[in-house]
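Trainee: Got a sequence here, can you build the structure:
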Amino acid sequence: MNKNNVRVRFAPSPTGSLHVGNARTALFNWLFARHHHGVLVLRIEDTDQERTLPQHTKSLLADLNWLEIDWDEGPVVGGGYGPYNQIERKEIYTKHLQGLIDKGLVYPCYCTETELEEERALLIATHQTPRYLGKCRNLNAAQRQELENQGRKPAWRFRVGSGEIVFEDLIRGRIQFLAESIGDFIIVRSNGIPAYNFAVVVDDALMEISHVIRGEDHLSNTALQLLLYQELGLKPPRFAHHSLVLGKDRAKLSKRHGAVAIGEFRRLGFLPKALINYLALCGTFVAERKEICSREEMISSFSLANMGKSGAVFDEDKLRWLNAQYIRDTADADLASLLTPLAEEVFLENTPDEKWLEAFCACFKDNFVTLQDAGEYLRIFNDTAFKLDNAARSAVGAAEAQQILGALRFILETGLATAGGALSYQVVVDSLKKATGLKGRALFLPVRAALTGAVEGIELDKLFALMTTPSMLTRLKKAMSWG
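Mentor: I've put the predicted structure just below:
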């Protein structure tokens, strides 16, 4: 195979949010293209105008950019095989439809949706394969005119012959279908919009797509498409149908299994590198079967031969584990930048500066599974929202606790807890022990309760490293009012 001739495509329909299953397909095509130094085409299949909305397309492009799956041709970047939106290619489809009409390979079908559904239900009830039985296949000109006089607008159906349809799938091996089980299928709807199987054949051929990598749910579509390639005189690409993403119950992954849209994982605080890493491993493997892989490693080791045929179970627990690893490996400054929007949400107008956020990340990032987990820790330092829960109020109310808090307040106000010009946690502890004669839980519980508003939580040394003396004094005064 000439690597430079590799052209693959990701062709989503912008009728909703980008599903992790579709993102996985996009990733496989991207990895294949990058591995072979080929081209990835992004094509927007927007012929379903009732469900296609501009915000869906915008969201789709944003999700791909967030995942850092870039394309070489398509929307925004352009290319020599456009337009890259199917709705703008209607004249191209009309030209190819006319060629099939001239050859007598298609015919107008006047059946209504109700009639087709009744036919389908009858076939299912009699344990037959649902397919079109050819009601309009042999209508004469007079019969067609009569139906058109009733106001019926025809769709165009492709005449399917007999025999076997065989192709070699790059993942699944030899695949065969019987043409007789397919039935004549619609290639252009009654509204003049091309059906999926017709548009995709014309587009893939004219865009010189060399390999089509997509989910196994398209296997039956491939049979129909091969018939069209043959009659249109177009060269088909090579096909590779990967496994689908399944829930833990081994049903196709859907909303009932939890988060399924890329945008949801983004809002939940997952890192794109972690999600890409997980999707790359979901149903396949990389060299040496590593679990944490750089993009370079994924690209260099990507092979269709490494892809499993059975469904890939989406394990969010494994994804969460991976995400935690990536957070820990992220530089504090980079993580601080990622957390800035969350910090602004928590602190509102009093958002800490970047230096403080970096120190915060250094202290707590090992505790985060997702970026959203940082919110729990950030809220501890928000003076505006600070309050004591019932357990904390009980802990600071005792006379001994008040003595400890009074001693801490004195230490902070007089500057006795500084070392080298900065507040020193160890000096605070030593001074408190000396002033109260206490240690361990008896000493630290009231301090934690007064400064965090809870009796359990973060390590006190990290608290003192990040909280300002004025904040601690404000909280101590509030806690001491409960005595």
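Trainee: what ranges of the stretch 351-483 of the chain fall below the confidence cut-off?
Mentor: Applying pLDDT under 70 to the stretch 351-483 of the chain picks out residues 419-421, 483.
Trainee: For it, which segments count as helices?
Mentor: In the stretch 351-483 of the chain, the segments counted as helices under DSSP state H, counting those that start in this stretch are 354-364, 374-380, 390-397, 399-414, 425-436, 440-452, 460-466, 469-480.
Trainee: For residue 226, which of these is the nearest?
Mentor: Comparing these by their distance to residue 226 (C-beta to C-beta), the top pick is helix 374-380, with 51.7 Å. From N, CA and C alone the C-beta is placed, and that goes for glycine too.
Trainee: and residue 184, how many neighbours does it have?
Mentor: For residue 184, the count of nearby residues is 19 (other C-beta atoms under 10 Å).
Trainee: isn't it right next to residue 161, touching?
Mentor: No: using C-beta atoms under 8 Å, residue 184 is not in contact with residue 161, being 10.0 Å away.
Trainee: show me the contacts for the nearest residue to residue 27 once chain neighbours are set aside.
Mentor: Nearest residue to residue 27, sequence neighbours excluded (C-beta to C-beta, 6 or more residues apart in numbering): residue 279, at 5.3 Å. Applying C-beta atoms under 8 Å, 6 or more residues apart in numbering to residue 279 gives the contacts 20, 23, 24, 27.
Trainee: what helix or strand is the last one on?
Mentor: Counting by DSSP states H and E, the secondary-structure element that holds residue 27 is helix 20-35.
Trainee: List the buried residues in that helix.
Mentor: 20-35 (16 or more other C-beta atoms under 10 Å).
Trainee: same question, stretch 275-286
Mentor: For stretch 275-286, using 16+ other C-beta under 10 Å, the buried residues are 275, 276, 277, 278, 279, 280, 281, 282, 283, 284, 285, 286.
Trainee: From the residues you listed, which land in strands?
Mentor: Residues of the buried residues of stretch 275-286 located in strands (DSSP state E): none.
Trainee: Max pairwise distance over the residues you listed: which two?
Mentor: Greatest spatial distance among the buried residues of stretch 275-286 (C-beta to C-beta): 275 and 285, at 17.3 Å.
Trainee: Quick check: end-to-end length of stretch 61-81?
Mentor: Using C-alpha to C-alpha, to the nearest Å, the end-to-end distance of stretch 61-81 comes to 19 Å.
Trainee: what comes up buried for it?
Mentor: Under 16+ other C-beta under 10 Å, the buried positions of stretch 61-81 are 61, 63, 64, 67, 69, 71, 72, 73, 74, 75, 79, 81.
Trainee: need the contact list for residue 73.
Mentor: Shown in contact with residue 73 (C-beta under 8 Å, 6+ apart): 39, 40, 41, 42, 79, 80, 81, 82, 84, 207.
Trainee: which strand residues sit across from it in the sheet?
Mentor: On the basis of DSSP bridges, residue 73 is bridged to residue 41.
Trainee: Could you check the pLDDT of it?
Mentor: You'll see residue 73 listed with a pLDDT of 98.
Trainee: And the nearest residue to residue 214 once chain neighbours are set aside, how close does it get to residue 212?
Mentor: Spatially, and ignoring its direct neighbours in sequence, residue 214 is nearest to residue 25 (5.8 Å; C-beta to C-beta, 6+ apart). Note on residue 25: its distance to residue 212, by C-beta to C-beta, to the nearest Å, is 10 Å.
Trainee: what's near enough to touch residue 209?
Mentor: 7, 8, 9, 41, 203, 237.
Trainee: secondary structure element for the second one?
Mentor: What it means is residue 8. For residue 8, the element it lies in under DSSP H and E is strand 7-10.
Trainee: Now do that strand: which elements does it pack against?
Mentor: helix 20-35, strand 39-42, strand 211-215 (3 or more C-beta pairs under 8 Å, 6 or more residues apart in numbering; DSSP states H and E).
Trainee: Show me the contact partners of it.
Mentor: Here strand 7-10 makes contact (C-beta under 8 Å, 6+ apart) with 25-26, 29-30, 32-33, 38-43, 69, 71, 204, 207-213.
Trainee: any idea of the mean pLDDT in it?
Mentor: pLDDT averaged over strand 7-10 gives 98.
Trainee: Show me the strands paired with that strand, marking each as parallel or antiparallel.
Mentor: Note on strand 7-10: by DSSP bridges, its sheet partners are strand 39-42 (parallel).
Trainee: any idea how far the partner strand is from the chain center?
Mentor: From the chain centre to the centre of strand 39-42 is a distance of 19 Å (C-alpha atoms, centre = their mean, to the nearest Å).
Trainee: Looking at it now, give me its mean pLDDT.
Mentor: 98.
Trainee: Which is the succeeding secondary structure element to it?
Mentor: With DSSP H and E, the next secondary element past strand 39-42 is helix 54-66.
Trainee: elements contacting that following helix?
Mentor: Checking 3+ C-beta pairs under 8 Å, 6+ apart, helix 54-66 ends up next to helix 20-35, helix 262-267.
Trainee: Please identify which of those helices is closest to residue 370.
Mentor: Shortest distance between residue 370 and those, using C-beta to C-beta, is found for helix 262-267: 8.9 Å.
Trainee: quick one: buried residues of that closest one?
Mentor: Buried residues in helix 262-267 (16+ other C-beta under 10 Å): 262, 265, 266.
Trainee: So which elements touch that helix?
Mentor: helix 20-35, helix 54-66, helix 272-281.
Trainee: Residue 307: which of these is closest?
Mentor: Evaluated with C-beta to C-beta, these place helix 20-35 nearest to residue 307, the distance being 7.8 Å.
Trainee: In the stretch 201-350 of the chain, where is pLDDT below threshold?
Mentor: 255-259, 285-288.
Trainee: need the strands for it, in chain order.
Mentor: Using DSSP state E, counting those that start in this stretch, the strands of the stretch 201-350 of the chain run over residues 211-215, 238-242, 245-246, 312-313.
Trainee: Let's have those strands in CSV, adding mean neighbour count.
Mentor: Shown next, in CSV, are the strands of the stretch 201-350 of the chain (neighbours: other C-beta atoms under 10 Å):
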stretch, mean neighbour count
strand 211-215, 21
strand 238-242, 21
strand 245-246, 22
strand 312-313, 18
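Trainee: Please render the ones you listed as a markdown table that adds distance to residue 102 to the earlier fields.
Mentor: Converted to a markdown table, the strands of the stretch 201-350 of the chain look like this (distance: least, C-beta to C-beta, whole Å):
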| stretch | distance to residue 102 |
| --- | --- |
| strand 211-215 | 28 |
| strand 238-242 | 29 |
| strand 245-246 | 43 |
| strand 312-313 | 45 |
